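Engineer: dropping a prediction and its sequence here:
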Amino acid sequence: MNIVQVSLPDSAKIDGGNLESTYKTLQLHFHWGAHGGPGSEHTIDGEQYPMEMHIVHIKQEYHSISEALKDKTGVAVLGFFYQESGSSNKKYESIVNALKYITQPGNNTTVKDLSLDMLIPSQENLTTYYRYQGSLTTPDCDESVVWTVFENAIPLSKEQLSAFSQLSFADGKNMTGTYRPVQPLNGREVYRSGSVVVWVNTVVLLSSVLAAVGLSLPD
């Protein structure tokens, strides 16, 4: 599956929120529909959002994702929804503007002066989230992922959302529908923060200023 991926340094880490370990950041990537249409990989009460971002982490003692995938809780992914806004999100301008340099699979470019704080909701809007034990959403879909999906969506304009659909697959067709359809729960339990049966701490995302990060469209 083709996705827009941003390589990140491992200086950003997450802990708390009933996570059993501290996890270090590897990369973030996006999944989207077509020209701002439905495209998220998770839904809430059946609602599918136009785009979803995943920030991928592994336990800090591991050296690669392949090593972490051998541990059933070796990978932790933070998921964020996007919703259409009447105005553009200036914090995302650097990423959206960089898309024109990665229009084909295998392309990459550098985005300067970017921070994770710019890309996610403010701390006070990170208190409502869902947690479950699941899998990667890209092949081989290894079941080694602790998922944390935040309820509050990030606003992007119609034009910003549609910019991702201007990228191309290897065959030249517009890159749309880059998401895995919603899968059956198969007995998995999904917990919501704030519930009496779950935790009260919130996930802590430690900010990291990224002076220059790689933005790519992997083959």
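Structural biologist: That came in fine, so what should we check first?
Engineer: okay, and the spatially most central residue of the chain sits in which element?
Structural biologist: Nearest residue to the geometric centre of the chain (CA atoms, centre = their mean): H54, 1.2 Å. If you go by DSSP states H and E, H54 is part of strand 51-59.
Engineer: give me the helices and strands touching the helix or strand following that strand, please.
Structural biologist: Of the helices and strands lying after strand 51-59 in sequence (DSSP H and E), the nearest is helix 65-68. Helix 65-68 sits against strand 51-59, with contacts defined as 3 or more CB pairs under 8 Å, 6 or more residues apart in numbering; DSSP states H and E. All C-beta spots, glycine's among them, are computed from the backbone N, C-alpha and C.
Engineer: thinking again about what came up before, please name every helix or strand in contact with the strand holding H54.
Structural biologist: So strand 51-59, by 3+ CB pairs under 8 Å, 6+ apart, packs with strand 23-32, helix 65-68, strand 75-85.
Engineer: if we go to 10 Å?
Structural biologist: In terms of contacts (3 or more CB pairs under 10 Å, 6 or more residues apart in numbering; DSSP states H and E), strand 51-59 is packed against strand 4-7, strand 13-16, strand 23-32, helix 65-68, strand 75-85, helix 116-119, strand 145-157.
Engineer: tell me which residues in the helix or strand following the longest one are buried?
Structural biologist: Next helix or strand after strand 145-157 toward the C-terminus (DSSP H and E): helix 158-163. For helix 158-163, the neighbour count (16 or more other CB atoms under 10 Å) marks Q160, L161, S162, A163 as buried.
Engineer: so what's the residue count around E84?
Structural biologist: Neighbours of E84 under the rule other CB atoms under 10 Å: 18.
Engineer: got it, and the one 5 residues further on?
Structural biologist: Residues within reach of N89, counting by other CB under 10 Å, total 17.
Engineer: quick one: contacts for it?
Structural biologist: Y82, I95, V96, M118, L119, I154, P155, L156, S157, Q160 (CB atoms under 10 Å, 6 or more residues apart in numbering).
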